[in-house]
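# Need a 3D model of the sequence below.
(one chain, ligands or ions: 1)
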Amino acid sequence: MKLSDRVAIVTGAGRGIGRALALKLAGAGAVVVVNDINEDCQEVAHEIGATGRQSLAVIADVASPTDVAGLVEKTTIAFGKVDILINNAGIARDQLVMRMSDEDWDRVLAVDLKSVFLCTRAVLRYMIKQRWGRIISISSIVGLVGNPGQANYASAKAGIIGFTRAVAKEVASRGITVNAIAPGFIDTEMTQRLSENQRQELLSRIPLGRLGSPDDVAAAVAFLASEDAGYITGQVLTVDGGIAM
Ligand code: NAP
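Numbering: from 1, shown residues only. As a prediction, the model looks like this:
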């Protein structure tokens, strides 16, 4: 899967799945702009730099229009273009809907969904001009099947799917594909908060019998970002060990 000469932005890439995505795309030859809301992204950019690939860390809150404009501007100033956008940044603030605060609703929708709109809008100008682009957003199977205590998160992740399909239709004629990945339960800090009982119960429901790894998600993203996936758009690819089927 060759991504030589491609410039990719990965949001929320300081740790977890985003970090794996950044390393995978860099390993395939892409120049990677590593974004995060804190300085973790600098370590990931150094890690990529140590392999001889170009990388740039940009600290930005993807829920902020000003920060997103800065992220894309820094990318294009440094590397002249942007070919691949991976909308990965996301948070969860779980609570039963009757007890959910306005703030927890708004922040999850802002970081998990509005960010996808902001980043996509900002990169499209460049992708349309060059008539090539890949936009891949990390949704979740929770956006497909729901989950108690996650009404805000499920709404945002389902929203990503509607957004993906609408934009895929808008920009298909410009050589840009827009797809989503819906991971199941992936072994990151987000899922390490589960109790041992919850973990065992979960494992018993996953046909492939294990949690996913960030690398499982990265493999799917690298494929969708590649030339080989040029005829795939508006799709949601579940990477979930079979749990949602
Ligand atoms: P994670 O370990 O919590 O990492 C998320 C990263 O995003 C963190 O580095 C975080 O920074 C960063 N971030 C948070 N808010 C941000 C903002 N406003 N702007 C920029 N960066 C921000 O999560 P993960 O498990 O890797 O999940 C990555 C994506 O996959 C998320 O969209 C998540 O919803 C989705 N997903 C995860 C799973 C799973 O099982 N893990 C399953 C399905 C979907 P901080 O370090 O400062 O928090």
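# remind me which residues of this structure are low pLDDT?
Residue ranges of the chain with pLDDT under 70: 1.
# The protein: strands as residue ranges?
For the chain, applying DSSP state E gives strands covering 7-10, 31-36, 55-59, 84-87, 133-138, 176-183, 236-239.
# Show me what the longest one is packed against.
Right, the one you point to is strand 176-183. helix 115-130, strand 133-138, helix 151-171, helix 214-225, strand 236-239 (3 or more Cβ pairs under 8 Å, 6 or more residues apart in numbering; DSSP states H and E). No exception for glycine: its C-beta is placed from N, CA and C like everyone else's.
# For A218, grab the count of nearby residues.
Neighbours of A218 under the rule other Cβ atoms under 10 Å: 24.
# same question, R53
Quick note: R53 (other Cβ under 10 Å) scores 18 neighbours.
# Surely it is in contact with V31?
Yes. At 7.0 Å, R53 and V31 qualify as touching, with contact defined as Cβ atoms under 8 Å.
# This protein against the ligand: which residues are in contact?
11-12, 14-18, 35-38, 40, 61-63, 88-91, 111, 138, 140, 183, 185-186, 188-191 (Cβ under 6 Å from any ligand atom).
# Centroid-nearest residue for this structure?
What sits nearest the mean C-alpha location of the chain, by Cα atoms, centre = their mean, is N88, with 2.1 Å.
# I'd guessed that one sits against V10; true?
Yes. The criterion here is Cβ under 8 Å, and N88 meets it with V10 at 5.9 Å.
# Residues that sit against both of those two, list them.
Common neighbours of N88 and V10 (criterion: Cβ atoms under 8 Å, 6 or more residues apart in numbering): 18, 21.
# chain center to stretch 190-202: distance?
Relative to the chain's own centre, stretch 190-202 is displaced by 23 Å; criterion: Cα atoms, centre = their mean, to the nearest Å.
# swap in stretch 93-107?
How far stretch 93-107 lies from its chain's middle: 22 Å, per Cα atoms, centre = their mean.
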